[in-house]
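# Quick one: sequence and predicted model below, then my questions.
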2 protein chains.
Amino acid sequence: MLSDRQQLILNAIVDNYIHSAEPVGSRTISKREGIGFSSATIRNEMSDLEELGYLEQPHTSAGRVPSTKGYRFYVDNLIQPHLLDDGELGKLKQLFAERILHSEQVVEYTAQILSQLTNYTAVVLGPEIFEHRLKHIQIVPLNEQQAVAIVVTHTGRVENKLIDLPEGIGSGEIERLVNLLNSRLADVPLWQLRQRLYQEISGEMRRHAEQYEEMLRVLDQSLTQEEDRVYLRGATKIMNQPEFRDVDKVKDILELLEQNDQLLHLFGMPADGLRVRIGQENQLDAIKQCSIITTSYSLGGKPVGMVGILGPTRMEYGRVITVLNYLAEGLSRMLTSQFEK
Amino acid sequence: MLSDRQQLILNAIVDNYIHSAEPVGSRTISKREGIGFSSATIRNEMSDLEELGYLEQPHTSAGRVPSTKGYRFYVDNLIQPHLLDDGELGKLKQLFAERILHSEQVVEYTAQILSQLTNYTAVVLGPEIFEHRLKHIQIVPLNEQQAVAIVVTHTGRVENKLIDLPEGIGSGEIERLVNLLNSRLADVPLWQLRQRLYQEISGEMRRHAEQYEEMLRVLDQSLTQEEDRVYLRGATKIMNQPEFRDVDKVKDILELLEQNDQLLHLFGMPADGLRVRIGQENQLDAIKQCSIITTSYSLGGKPVGMVGILGPTRMEYGRVITVLNYLAEGLSRMLTSQFEK
DNA sequence: ATTTAGCACTCGCTAGCATGGAGTGCTAAC
DNA sequence: GTTAGCACTCCATGCTAGCGAGTGCTAAAT
């Protein structure tokens, strides 16, 4: 375990490096407020910290830079709560003040504001809607062969999909089907829909089994359009960082961000709650010099979506975590209130 | 006007520069197939072409590079039709073979393929739907105050919007309203909808004027969500170009591409048909070293959307134009057939 | 009159070298 | 245990020389 003084020095080094982006030397630290030691003492401690793996030296006779392990210790033990100023708080509060908006739109704005406020790349995953309850099903025939199937949830979310109509089905039959489905399946949570659909159609409607199959497939698909849930904002912010003045590095990262499925993978949730992945801890080579911070927002205590930040390892962890927590809480509150209606 | 030989040489220089990205010297040209002159002769011609403004010299004792005026002449007079190979044609044909897809999805894939095939950034604007005819209107109440308004067009496009319900309106009334609207407004093109809505409600329903106002506003808005029509793919491709190895240049461009409204402005249509904007011809500083090629696709002869490419001024104009034309034609055909159903 | 060979000249690019400065590591003194 | 002092390392910067690609001009060739 690190001594108090080692922690003090490590903290100072990380703080300094986060803001200067330059390797920090012993003299810089010894001059800092709250550090009462000479540069020589600091040098000795730095040497120890390097040996322990918390610091790295780009080359002999350069200052020290935190290693992944160093950042990890900083994030886990040293980080201090960051207070938001009035301007920041104002922006955040405003976001949740809008009343007539689909939850998807709020999520989109969240990504926007998150990126603006932190100056890093923001990724937000829209809420999974399995908990949403069915409000209305509609099938609108377009011609003899095709129709649009529409599902409305009680939160006002609308999903639609083009479907093939079974041969020879009449508009009357479609209407009967829709009425049946609406009367039997109203208020059923979407995740139960599939199962319930099978139950309900066991009776009189059995003879049209194939068309229900089609319906099932459509509903299934319209509820699992995961890719559309990814909102990415401020992808170019990474270029503001001095350590990313190299096109090749930036290119790898931006190419990654262009792929929705990769984003879903990077920011998708195994864990709920705050999660910080620092530099080398990331699997993908392209972002081994980046950190990803994510946290989940929830609906009735159950995590349904994610807000996250991608930035350089040299990131303002304290600030970002504060903002993320604030937004996740806000989204959770908003979703929950929308749900109780 | 340029002499035949000057045109021949200009053509050779542009072709060479497009592929090498290096200033081209007189010897390079004199060695080319089909050019029977010594480097000294070429040098004299180059000197003339520079004086006329078609070429530029990065510095004395460097080769020549086409100026904007040079590219312009090349595009307008020298470009030769480019033939697509089997692999490219296959990809293109496959795109339009899918049957059960919303036109929006086809447009999205178009952007993808366009970028893949050209290795430049692709922008496609989804079709304006003012010509689409109304198939179905639905209002689904969520609670006492809110409802979702849904508009389905005869092409299967679905638009929806959360709306506030007028105080004290009953579900019976809503149903009557929806039935009325559907019976009176079916098959009306969306651009007439607003006007027709006013006509139809003149009679018995007049007393609920405010709620129709609300409806009107909603329909209006849901039909003018222009920003959502922009599909951008391959934004990072610009980084493959040797002249964009500088983060600052790339940053300006990518920041521009992040803004949907700017894209709409850059690729939006004043003109129908092919349009090439080369380098300095562009208004925005960020893309003064880029070229934008756009063409429109249409529905029944009337342009409704755009496909476009953004690349370096040193772009493979011939190839890009061929691919763009092919895709625009394909989209037009697809839309038109979808419309006739 | 046009084309071409020849040659001096220009200019960017690279390698090599000296210099300065920031920072370390070690040692000896406090 | 802490600190002052000092030699040492290594990067960054600036300078210079040499190289090479390419030009522009002139004079000779067609």
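Structure received.

# contacting residues around residue A:112?
Taking C-beta atoms under 8 Å, 6 or more residues apart in numbering or on different chains, we find residue A:112 in contact with A:122, A:233. C-beta coordinates here come from the backbone N, C-alpha and C atoms, glycine included.

# how far away is it from residue A:296?
Using C-beta to C-beta, to the nearest Å, one gets 19 Å for the distance from residue A:112 to residue A:296.

# Residue A:144 now?
Taking C-beta to C-beta as the measure, residue A:144 falls 46 Å from residue A:296.

# quick one, which of these two is more surrounded?
residue A:296 (21 against 11; other C-beta atoms under 10 Å in any protein chain shown).

# my read: the more buried one touches residue A:302, true?
No - contact criterion C-beta atoms under 8 Å: residue A:296 and residue A:302 do not qualify, at 9.4 Å.

# Could you pull out the buried residues of the helix or strand containing residue A:329?
Using DSSP states H and E, residue A:329 sits within helix A:317-340. For helix A:317-340, a neighbour-count test (16 or more other C-beta atoms under 10 Å in any protein chain shown) marks A:317-328, A:330-332, A:334-335, A:338 as buried.

# touching chain B at all, stretch A:135-150?
Yes - shown here: stretch A:135-150 in contact with chain B (C-beta under 8 Å from any C-beta of the partner chain) through A:135-136, A:138, A:140, A:142-143, A:146, A:148, A:150.

# Please pick the buried ones from those residues.
For those, buried by 16+ other C-beta under 10 Å: A:135-136, A:138, A:140, A:142, A:146, A:148, A:150.

# So what touches stretch A:315-329?
A:18, A:71, A:74-75, A:79-84, A:88, A:92, A:95, A:110, A:113-114, A:117-118, A:120, A:274, A:276, A:291, A:293-297, A:307-309, A:311.

# Close to chain B: what parts of chain A are there?
A:100-102, A:135-136, A:138, A:140, A:142-143, A:146, A:148, A:150, A:152, A:154-156, A:158, A:160, A:162-164, A:233-236, A:239, A:244-247, A:250-251, A:254-255, A:258, A:341.

# Buried ones only from the residues you listed, please, as a PyMOL command.
Per 16+ other C-beta under 10 Å, the buried members of these correspond to this PyMOL selection:
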select buried, chain A and resi 101+102+135+136+138+140+142+146+148+150+152+154+155+156+158+160+162+163+233+234+235+236+239+244+247+250+251+254+255+258
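
# ok, now which ones touch the closest residue to DNA strand C within the stretch 1-150 of chain A?
Nearest to DNA strand C, among the residues of the stretch 1-150 of chain A, is residue A:25, at 3.0 Å (C-beta to the nearest atom of the strand). With contact set as C-beta under 8 Å, 6+ apart, residue A:25 has these partners: A:39, A:63-64.

# what's the spacing between it and chain B?
27 Å (C-beta to the nearest C-beta, to the nearest Å).

# Quick check: pLDDT value at that residue.
For residue A:25, the pLDDT comes out at 95.

# Likewise for the one 3 residues further on?
pLDDT for residue A:28: 95.

# could you say which helix or strand contains it?
helix A:26-31.

# Now do the helix or strand following that helix: which elements does it pack against?
As assigned by DSSP H and E, the chain's next helix or strand after helix A:26-31 is helix A:39-51. Contacts defined by 3 or more C-beta pairs under 8 Å, 6 or more residues apart in numbering or on different chains; DSSP states H and E place helix A:39-51 against helix A:4-20, helix A:26-31, strand A:55-56.

# got the angle between the helix or strand hosting residue A:113 and helix A:317-340?
Using DSSP H and E, residue A:113 maps to helix A:103-118. Going by axes from the mean of the first three to the mean of the last three C-alpha atoms, to 10 degrees, helix A:103-118 is angled at 160 degrees with respect to helix A:317-340.

# could I have helix A:103-118 exported to PDB, CA atoms only?
Below are the C-alpha coordinates for helix A:103-118, written out as PDB (Å, rounded to 0.1, in the frame of the first residue of the first chain):
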ATOM      1  CA  SER A 103     -37.800  10.000 -24.400                       C
ATOM      2  CA  GLU A 104     -35.600   9.300 -27.400                       C
ATOM      3  CA  GLN A 105     -35.300  13.000 -28.100                       C
ATOM      4  CA  VAL A 106     -34.300  13.700 -24.500                       C
ATOM      5  CA  VAL A 107     -31.600  11.000 -24.800                       C
ATOM      6  CA  GLU A 108     -30.300  12.600 -27.900                       C
ATOM      7  CA  TYR A 109     -30.100  16.000 -26.300                       C
ATOM      8  CA  THR A 110     -28.400  14.400 -23.400                       C
ATOM      9  CA  ALA A 111     -25.600  13.200 -25.600                       C
ATOM     10  CA  GLN A 112     -25.300  16.700 -27.000                       C
ATOM     11  CA  ILE A 113     -25.000  18.400 -23.700                       C
ATOM     12  CA  LEU A 114     -22.700  15.800 -22.200                       C
ATOM     13  CA  SER A 115     -20.300  16.400 -25.000                       C
ATOM     14  CA  GLN A 116     -20.500  20.200 -24.800                       C
ATOM     15  CA  LEU A 117     -20.000  20.200 -21.100                       C
ATOM     16  CA  THR A 118     -17.100  17.800 -20.900                       C
END
